[in-house]
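>>> pasted the sequence and its predicted model underneath.
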Amino acid sequence: MNDTDVRQAYSDHLQEYPWDFYSTITFRRLRRDPIYAASSVWGMLEKLGGSRAFVAVERHKLDGVHVHTLHRHTHRPDVAAASVWKFAHKAFGRSTVEFPRDGTAASVYCSKYVTKGDESGDSFFYFGEPEAWNLDK
C-alpha cells in the first residue's frame with residue numbers, strides 16, 4: 001500500500017463515524033510535544049462532554065505544533081460550537097470550531113497526518129472511551 005491508499009483508507013474510516021465538530025487549535029504559548037498538545041486538547045474536550053476525538057498534530061514553521069480535531073460529544077449533545085470555541089480560546093489561544101459540513105473534507109484533511117510520518121514531526125491520536133468507537137452501537 002502506498003501513502004495515498006493509506007490516507008484514503010483512514011479518511012474512509014473517519015467518515016464512518018458521526019462527528020459533532022471539526023476544530024483547529026493554535027497554542028498561545030509554544031508547544032513542541034505532540035503528545036502533550038493532543039492530550040491537553042482531549043482533556044478540554046472531555047470536560048465538555050467529549051466521548052471520542054481524532055487529534056492530528058501538525059508542526060508549523062515556528063517550531064511548535066497546532067492540532068486539528070474531529071470530536072464527538074455524546075455526553076453533552078447540546079454543547080454548542082460557541083461553547084467549545086470559548087473554552088478552547090481561553091485555555092489555548094487561537095481556535096476555530098465548526099460543524100464538519102459533509103464529513104468528507106475534514107476527514108480527508110485530518111487523514112493526511114497519518115501518512116506524513118516521523119520526518120515531518122506530524123502525528124495523530126485517538127482518544128475516548130472504547131465504546132464510543134464501536135460502530136455497532
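Alright, I've got the coordinates. Residues are numbered from 1 along each chain as shown.
>>> roughly how far does the spatially closest residue to Gly49 that is not a sequence neighbour sit from Leu48?
Using C-beta to C-beta, 6 or more residues apart in numbering and skipping the chain neighbours, the partner closest in space to Gly49 is Arg76 (2.6 Å). Any C-beta I mention is one placed from the backbone N, CA and C, and that applies to glycine too. According to C-beta to C-beta, to the nearest Å, Arg76 and Leu48 sit 6 Å apart.
>>> check contacts around Arg31.
37, 64-65 (C-beta atoms under 8 Å, 6 or more residues apart in numbering).
>>> now intersect those with the helices, please.
Ala37 (DSSP state H).
>>> so which of the contacts of Arg31 sits lowest on pLDDT?
On pLDDT alone, Gly64 ranks lowest of the contacts of Arg31, at 88.
>>> for the closest residue to that one other than its chain neighbours, grab phi and psi.
Spatial nearest neighbour of Gly64, excluding adjacent residues (C-beta to C-beta, 6+ apart): Leu30 at 4.2 Å. Main-chain torsions, Leu30, degrees, to the nearest 10: phi -50, psi 130.
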